[in-house]
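Participant: sharing a model that was predicted from the sequence below.
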Amino acid sequence: MKKKILVLCTGNSCRSQIAHGYLQYFAGDKAEVYSAGVETHGVNPKAISTMKEDGIDISTHTSNNVLEYQGIDFDFVITVCDNAKERCPYFPSNAMKFHYNFPDPAKVTGSEEQINYAFANVRDEIKEYCYDFIQSHL
């Protein structure tokens, strides 16, 4: 039976979308991965392009609110920012909960090169976390 994984962030636009892409990639057919936010901000185009650079297509992902998934019995819930961890509404679940506060690349200012560098760095951190998570839990 496939495990169900939910990744939560504030706006479901960057970090949770990147994690969603990598968790699904590393899990293959062993898991169904969902991502959501405590708000919805749309999928950040930089998140899409930085994932594309690593061969993962998240261009069809949507930005979803966590309340849309109340009826799903998740096995794992991963929060990828402190704000989501603090603001996530409670819904009954036996899910194992995990948390890692990744920096928000969407808040980086500067040149295009600096912003792209920030996205690539966070992407690589999330990739490593997701690989380790799948190896340890599936």
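Facilitator: Arrived safely, thanks for sending.
Participant: just the strands in this structure please.
Facilitator: With DSSP state E, the ranges of strands along the chain come out as 3-9, 31-37, 76-79, 96-99.
Participant: closest to residue 58 out of those strands?
Facilitator: The closest of those to residue 58 is strand 31-37. By Cβ to Cβ, the value is 9.4 Å. Bear in mind the C-beta positions are built from the backbone N, C-alpha and C, glycine included.
Participant: max-length helix in this structure?
Facilitator: helix 112-137 (DSSP state H).
Participant: now do the buried residues in it.
Facilitator: 115-116, 118-119, 122-123, 126-127, 129-130, 133-134, 137 (16 or more other Cβ atoms under 10 Å).
Participant: show me which of these is closest to residue 99.
Facilitator: Among these, and counting by Cβ to Cβ, the member closest to residue 99 is residue 129, at 10.9 Å.
Participant: where does pLDDT dip in this structure?
Facilitator: 84-92 (pLDDT under 70).
Participant: find the nearest non-adjacent residue to the most centrally placed residue in the chain, please.
Facilitator: Nearest to the mean C-alpha position of the chain, by Cα atoms, centre = their mean, lies residue 16 at 2.0 Å. Leaving aside its chain neighbours, residue 16 sits nearest to residue 9 (3.6 Å; criterion: Cβ to Cβ, 6 or more residues apart in numbering).
Participant: identify the residue nearest residue 42 in space, chain neighbours excluded?
Facilitator: residue 63 is the one closest to residue 42 (Cβ to Cβ, 6+ apart), at 4.9 Å.
Participant: who's in contact with the one you found?
Facilitator: Listed by Cβ atoms under 8 Å, 6 or more residues apart in numbering, the contact partners of residue 63 are 11, 12, 13, 17, 37, 40, 41, 42, 43.
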